[in-house]
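> Please find the sequence and the predicted model below.
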Amino acid sequence: MANQKPNKSGKKNNSQPEPKKELKESKDIKSTKDVKETKEVKEKTSESKATVVASAPKSTNPLKGFFARKYGENENILTIFKTPKIWGALIGEVFGTMLLVMVLLTLGTNPLHITFAVLGLYVAIFGISGANLNPLVTAGLMASRRMSAIRGVLYMLAQLLGGWLGLIVINAFRLASEASTPLPIMNEVTGETFWAVALVELLGAIVIAFAFARALKLAKKNALAFGFVVASSMTLAIIFGMVITQNFFGIQYGFMFNPVAALMYQILPTSADNFGELAQMAGLAATAYVIFPIIGGIVGFYLSDFTSRLAGTGYSCACDDECGCTEVCNK
């Protein structure tokens, strides 16, 4: 065969088709269609799962999860001191309890004074530590698993320290003045008055703890409402205690509803005929003014949780369209 001569012009032959671009465009179109189809399939499956979950029967047991933990999972003795927040909370408890004990040692259990003093204290301290200021409240928070055990123990120690500082301050003012007014003390608990004092302390502690647990729902939105509910409950418990102890049993200074404040009121005896009698008197006083209020605090928190779970959303419907319960109201 004869050799073909090369094209002298040097131009390429453009007569042949270029299928590469068309293939790329077709592949892109197919890929976008596949992506759309997969998204639609995922959306359909997620919708079907949501409908299955929504159609699944809900648990009718109102007490399910009653004892579930309500505080942070990572809070324990190894992690609680890693941030300075706990120290701020403890200082708040010390300072707040100190002021509360000072109020109780100077103004006594006057309901009007207690209402305004406690209202200001709880509103000011709540944002720092939650404003427990009372071991019975801390015990109720721990028992209802709203607070970890290590935080609760630290709070109680801070409250004890704050009460002791309040006693020192008031006693220092008393000794520096010319007046020889003695510090108030609680009545001695005997075998005859033990059950009267213990039951009054128990019932008053239940009232305060129940109101505190209910007021926690208002605290984040309105600290003033929280403080008003707590102060009102303390006033109610004090009036209740005054009526029972003074009118029925003739006992003055027979209640306190705060174990730390009761200890600062010198409930523990300092003298007796023998050690056995001293131990018996101290045991009766500690049981009536410390153990029974703490039990009442635990009962009050459990009572609040139990009633709120049974009530559900509660009776807050005005039978209008906004509340969404017209069908129930029309029955």
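Good, I have the coordinates. Since the model is a prediction, treat every value here as computed from it, not as a measurement. Numbering: from 1, shown residues only.

> residue contacts, the nearest residue to Ala149 once chain neighbours are set aside?
Nearest non-adjacent residue to Ala149, counting by CB to CB, 6 or more residues apart in numbering: Met142, 6.1 Å away. (Each C-beta comes from the backbone N, C-alpha and C, glycine too.) Residues counted as contacts of Met142 (CB atoms under 8 Å, 6 or more residues apart in numbering) are 148-149, 152.

> Filter these down to the buried ones.
Listed as buried from these are 148, 152; burial here means 16 or more other CB atoms under 10 Å.

> one step back: and the residue nearest to Ala149, its phi and psi?
phi -70, psi -40 (degrees, to the nearest 10).

> So for it, what's the pLDDT?
On the pLDDT scale, Met142 is placed at 94.

> Same check on Asn187?
With respect to pLDDT, Asn187 has a value of 79.

> Same check on Leu107?
80.

> The closest residue to it other than its chain neighbours: which element?
Closest residue to Leu107 apart from its sequence neighbours, by CB to CB, 6+ apart: His113 at 4.3 Å. Per DSSP states H and E: His113 is located in helix 111-129.

> so how far is Ser308 from the residue nearest to Ala149?
According to CB to CB, to the nearest Å, Met142 and Ser308 sit 19 Å apart.

> And Val260, by the same measure?
Look at Val260 and Ser308: by CB to CB, they are 28 Å apart.

> So for the two, which sits in the more crowded spot?
Counted by other CB atoms under 10 Å, Val260 and Ser308 do not tie: Val260 has more neighbours, with 27 against 15.

> Does the more buried one touch Val101 like I think?
Yes. Taking contacts as CB atoms under 8 Å, Val260 lies within contact range of Val101: 6.9 Å.

> Quick one: residues in contact with the helix holding His113.
Helix 111-129 is contacted by residues 88-93, 95-96, 99-100, 103, 107, 131, 133, 155, 219, 223-224, 226-228, 230-232, 234-235, 238-239, 242 when judged by CB under 8 Å, 6+ apart.

> Cross these against helices and list the overlap.
Secondary structure from DSSP state H places 88-93, 95-96, 99-100, 103, 107, 155, 219, 223-224, 226-228, 230-232, 234-235, 238-239, 242 of the contacts of helix 111-129 in helices.

> Any of those residues buried? List them.
89-90, 92-93, 95-96, 99-100, 103, 155, 219, 223, 226-228, 230-231, 234-235, 238, 242.

> my guess is Ala198 meets Thr287, correct?
Yes. The criterion here is CB under 8 Å, and Ala198 meets it with Thr287 at 6.7 Å.

> So between those two, which is more surrounded?
Higher neighbour count among Ala198 and Thr287: Ala198, with 20 against 15, using other CB under 10 Å.
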